[in-house]
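1. sequence unknown, structure follows:
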């Protein structure tokens, strides 16, 4: 019947996330919060992981209250943790396992930006060494790598048993849940850029995002026998705590100052909205841009080992290897 086909592909059925359990590292701020709010708005249960329980509880209450008032069934729960270490990855998986029998999707999203440089005024070896080498410490490189690239590795394998539980519960294509288990990595357009101006002028950040971009496809290959997919999201400029530090309000929404200059152009601009970015035109992607991509990846069985670039066409204007 045509009616049945039309019903099957209707948005209310394709993106009904009731029964989905998601874990989002860095899920209480920035792009992670865009992911978390999209998931609970469509019915998912979401565990957000971050460094401070008080901050996680505050943002969870804000959005859980909103979900209850609007009749939405999705909810957020915060779990404090350090996503950089193997021991913490094991502990976090155990903590989530106490609260749910399975996980549908793990978002390895948390990331930091550090080691920012300014370009030298003189084209001499001494000037370049001063700007790119002398001012950068091994500790900064190590911390950025552990947060942005190494931590996601530990977490992916620590959460495998919970991701695999779909098999035990009969979550099959023919008779069970319609959402297959998946790991989604947040890399960045800067994992492929050759122009460091697009990455906030940080080599540690750029290198770490390149590493996690490559890890996405290689881990996807290794996990094929388990039926657990691995995909990635490579954002360009989004209005977040990272791109506009210190501007986030009580809803976790950041605002780009009017005089903020990024040093690169985003071809696809959002129109001005009085309810977004203080009524100013959005210089980058919006929460609905990110949210629609999240829904696509969570609901789609047929995408694996792929990183989706969502950069507003920025990489069309800068040398890159994407």
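-> Received it, and whenever you're ready, just let me know what you need. Remember, predicted model here, so these are calculated numbers, not experimental data.

2. so where is the stretch 101-250 of the chain shaky, pLDDT-wise?
-> Within the stretch 101-250 of the chain, the stretches with pLDDT under 70 are 169-177, 244.

3. could you pull out the strands for it?
-> For the stretch 101-250 of the chain, the strands defined by DSSP state E, counting those that start in this stretch cover 105-108, 182-186, 229-235.

4. would you list every one of the helices in the stretch 201-322 of the chain?
-> For the stretch 201-322 of the chain, the helices defined by DSSP state H, counting those that start in this stretch occupy 203-222, 287-299.

5. and the strands of the stretch 101-250 of the chain, which is most packed in?
-> strand 105-108 (a mean of 29; mean count of other Cβ atoms under 10 Å). In this view, the C-beta of every residue, glycine as well, is placed from N, C-alpha and C.

6. packing partners for that strand?
-> Judged by 3 or more Cβ pairs under 8 Å, 6 or more residues apart in numbering; DSSP states H and E, the packing partners of strand 105-108 are strand 21-25, helix 151-158, strand 182-186.

7. show me what the second one is in contact with.
-> Translated: helix 151-158. With contacts defined as Cβ atoms under 8 Å, 6 or more residues apart in numbering, helix 151-158 is touched by 25, 83-86, 88-90, 92-93, 106, 108, 110, 183, 185, 212, 215, 219, 230.

8. which ChimeraX command selects the buried ones in those residues?
-> Restricted to buried positions by 16 or more other Cβ atoms under 10 Å, the ChimeraX selection for the contacts of helix 151-158 reads:
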select :25,83,84,88,89,92,93,106,108,110,183,185,212,215,219,230
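
9. let me see the contact set for the closest residue to residue 20 other than its chain neighbours.
-> Nearest residue to residue 20, sequence neighbours excluded (Cβ to Cβ, 6 or more residues apart in numbering): residue 44, at 4.1 Å. Counting by Cβ under 8 Å, 6+ apart, residue 44 makes contact with 17-18, 20-22, 74, 104.

10. ditto for residue 136
-> With Cβ under 8 Å, 6+ apart, residue 136 has these contacts: 115, 117, 203-204.

11. change it to 10 Å
-> Residues near residue 136 by Cβ atoms under 10 Å, 6 or more residues apart in numbering: 114-117, 202-204.

12. can you add distance to residue 315 and neighbour count and give those back as CSV?
-> Formatted as CSV, the contacts of residue 136 follow (distance: Cβ to Cβ, whole Å; neighbours: other Cβ atoms under 10 Å):
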residue, distance to residue 315, neighbour count
114, 23, 17
115, 22, 23
116, 21, 15
117, 21, 16
202, 18, 21
203, 18, 18
204, 20, 23
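
13. so residue 49, which of the three states?
-> Following DSSP: H, G, I helix; E, B strand; the rest coil, residue 49 is assigned to strand.

14. from what I can see it touches residue 92, true?
-> Yes - shown here, residue 49 and residue 92 form a contact pair, counting by Cβ atoms under 10 Å, at 6.2 Å.

15. overlap in contacts of those two?
-> Common neighbours of residue 49 and residue 92 (Cβ under 10 Å, 6+ apart) are 23, 25, 79-83, 155.

16. and those, which is closest to residue 296?
-> Ranked by distance to residue 296 (Cβ to Cβ), those are led by residue 23 at 18.8 Å.
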